[in-house]
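Colleague: Let me see the structure of the following:
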Amino acid sequence: MSLSLIQLLPYQAIADPTDGFTSLSLGSSNFVIQKPYDVSVSDRYSFQNGIRKLWVYSTDKPFMSGSTTKPRTEVRIRGYDYTSGVWQFEGYAYVPSGTTGVSIMQIFGGTTAATTMVLRVYNGALSYYKTPIVQNTYNRWFRVNVIHDVGAPKVKVYIDGSLVYQVNGNGASTHYFKFGVYTQDNPSNYMESQWRGIKVLKK
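Modeller: Model (predicted):
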């Protein structure tokens with residue numbers, strides 16, 4: 001057996017997180033922008049060459065007048081809300097250095113909390129809520145796959161194709177995926193994330 005073939009074998013044995021899933025159709029109507037209520041979409045969001053860039057400032061207004069939530073510019077995936085089954089979010093994310101104290105992706109809905117899963121960035125570390133799971137994510141594209149098995153209930157987080165975190169869900173509810181920037185604790189003044197290759201998949 002040649003050396004090159006031997007080197008390929010371990011890679012071939014690794015299953016892709018999307019194996020067994022069906023990718024669902026996504027159009028422009030499935031991407032709903034939530035941004036500070038007093039600015040236009042183009043002031044906090046752009047979509048060029050397949051890349052969605054979302055940014056927000058810690059001093060911005062909430063997404064609607066009267067809301068007590070923190071500033072955000074997020075995409076809420078519409079049309080694929082779910083209460084059961086096994087669902088997956090996939091996307092490639094980029095977070096520039098300096099962005100911190102921010103949620104970049106979440107599964108909304110739960111019985112014991114408002115969300116089932118939140119990926120945050122603190123000083124370059126990608127965290128499940130406040131638990132660091134991947135270091136050194138600044139200034140590079142990384143693949144994000146999040147699988148939510150509502151019935152199990154389990155959430156699995158894959159980064160660059162590797163399983164990095166697994167945890168119980170927060171209870172069945174009406175769930176949906178969101179990504180972008182949503183201010184959390186000890187935020188930077190300016191927060192940004194970029195995304196491409198967004199997919200919603202289902203078993």
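Colleague: surely residue 155 meets residue 116?
Modeller: Yes. Residue 155 is within contact range of residue 116, at 6.3 Å (criterion: CB atoms under 8 Å). For glycine as for every other residue, the C-beta is placed from the backbone atoms N, C-alpha and C.
Colleague: quick one: which of these two has more around it?
Modeller: Counted by other CB atoms under 10 Å, residue 155 and residue 116 do not tie: residue 116 has more neighbours, with 25 against 20.
Colleague: measure that one to residue 15 for me?
Modeller: 23 Å (CB to CB, to the nearest Å).
Colleague: same thing with residue 176?
Modeller: Residue 176 is 26 Å from residue 15, by CB to CB.
Colleague: quick one: which of the two has more around it?
Modeller: residue 176 (19 against 9).
Colleague: pretty sure the more buried one contacts residue 83?
Modeller: No. In this structure residue 176 lies outside contact range of residue 83 using CB under 8 Å: 10.4 Å.
Colleague: Give me the common contacts of these two.
Modeller: Listed as contacting both residue 176 and residue 83 by CB atoms under 8 Å, 6 or more residues apart in numbering is no residue at all.
Colleague: Identify the residues contacting residue 172.
Modeller: 83, 84, 111, 150, 151, 153.
Colleague: Let's see if you can find the most crowded of these.
Modeller: Most surrounded of those: other CB under 10 Å gives residue 150, at 21 neighbours.
Colleague: Just the closest of the contacts of residue 172 to residue 70, please.
Modeller: The closest of the contacts of residue 172 to residue 70 turns out to be residue 111 (CB to CB; 22.9 Å).
Colleague: coming back round to it: let me know the closest of the contacts of residue 172 to residue 131.
Modeller: residue 153 (18.0 Å).
Colleague: how far is stretch 147-154 from where the chain is centred?
Modeller: 17 Å (CA atoms, centre = their mean, to the nearest Å).
Colleague: In contact with the most centrally placed residue in the chain: list those residues for me.
Modeller: In the chain, the C-alpha nearest the mean C-alpha coordinate belongs to residue 105, at 2.6 Å (CA atoms, centre = their mean). Each residue near residue 105 by CB under 8 Å, 6+ apart is listed here: 89, 91, 93, 118, 119, 144, 146, 177, 178, 179.
Colleague: Repeat that for residue 97.
Modeller: Counted by CB under 8 Å, 6+ apart, residue 97 has contacts 124, 138, 139.
Colleague: State the pLDDT value of it.
Modeller: Confidence at residue 97, expressed as pLDDT, is 98.
Colleague: in a strand, that's where it is, yeah?
Modeller: No. Going by DSSP: H, G, I helix; E, B strand; the rest coil, the assignment for residue 97 is coil, not a strand.
Colleague: Would you quantify the distance from it to residue 43?
Modeller: From residue 97 to residue 43 the distance is 23 Å (CB to CB).
Colleague: which strand in this structure runs the most residues?
Modeller: Scanning the chain for the strand with the most residues, using DSSP state E, yields strand 190-202.
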